[in-house]
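K.L.:
Take a look and give me a structure for this.
(one chain, ligands or ions: 1)
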Amino acid sequence: MIRIDIRKKRFEHHAVLGPIAFDIAVGETVALTGPSGVGKTTLLRLVAGIDPDFEGQIVRPDRLAIVFQEPTLLPWRSAFDNLALIHGDLSQADIDAALSDVGLDGKGDLFPGQLSLGQQRRLSLARAFAGQPEFLIMDEPFVSLDSETAETMLTLTEDLITRHRPATLFVTHSKPEARRLSDRILNLVPGPGGAVLG
Ligand SMILES: Nc1ncnc2c1ncn2[C@@H]1O[C@H](COP(=O)(O)OP(=O)(O)OP(=O)(O)O)[C@@H](O)[C@H]1O
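P.N.:
Model prediction:
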């Protein structure tokens, strides 16, 4: 169980988030939508523990994985090593299987610069799921992809979530994407004391 109880998040004197409380059950997928600039990424950063500066409390499992908009790979390391360095306990066979799961069979020796953007995103997904996360956090993982690649990524993510069943919280601007991937949609709306759930 993941428990989010934020009373207030400010940047200097600017209140960005007001009271926001919700739980995510084991294996549940929750989409977070809302207008640009409302505070979705800020909320994800609090939930992920990247930003500890807020009033409130968040209970989350230790084994979590984060997928950002950009693939955030190490460019000077092979695809294989990008997984091996993060997941030191995985065998070569585990890593080969994780690469194969996202359609990157035989590409382990290539460097991120030798992969297409779509393949880099797939590597980033493989890295997230290879650690068998209890909690997966994704910030607009399908943004700025052409429609065909976005569709491939969406199907792949759907499959990986179904197979691994992490609790998942992800931000998206796309209502169809939110409906397709999630069990529940939360909408963040602006409020006088910071954004709240609408
Ligand atoms: N480090 C920071 N310092 C000061 N203000 C910030 C900081 N990060 C975000 N903000 C402000 O907090 C507000 C919410 O930003 P955030 O990036 O969370 O919105 P968002 O809903 O994710 O937007 P988008 O959908 O456009 O990505 C914005 O007004 C932004 O300017």
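K.L.:
Please count neighbours and contacts with C-alpha atoms only from this point.
P.N.:
Will do.
K.L.:
can you give me the helices for the chain?
P.N.:
Counting by DSSP state H, the segments of the chain that form helices are 40-48, 79-84, 92-101, 117-130, 147-164, 175-181.
K.L.:
Mind telling me which residue is nearest the centre of this structure?
P.N.:
Met138 (1.5 Å; CA atoms, centre = their mean).
K.L.:
Would you mind measuring from it to the ligand?
P.N.:
12 Å (CA to the nearest ligand atom, to the nearest Å).
K.L.:
Return the residues of the chain in contact with the ligand.
P.N.:
Residues of the chain lying close to the ligand by CA under 6 Å from any ligand atom are 11, 16, 35-42.
K.L.:
among these, which are in strands?
P.N.:
In strands, defined here by DSSP state E, the members of the residues of the chain next to the ligand are 11, 16.
K.L.:
Would you show me how to pick out the buried ones of the residues of the chain next to the ligand in PyMOL?
P.N.:
Applying 16 or more other CA atoms under 10 Å to the residues of the chain next to the ligand, the buried members can be selected in PyMOL as follows:
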select buried, resi 16+38+39+40+41+42
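K.L.:
Turn the residues of the chain next to the ligand into CSV, columns for pLDDT.
P.N.:
Formatted as CSV, the residues of the chain next to the ligand follow (pLDDT from 0 to 100):
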residue, pLDDT
Phe11, 97
Val16, 98
Pro35, 95
Ser36, 95
Gly37, 95
Val38, 97
Gly39, 97
Lys40, 97
Thr41, 96
Thr42, 97
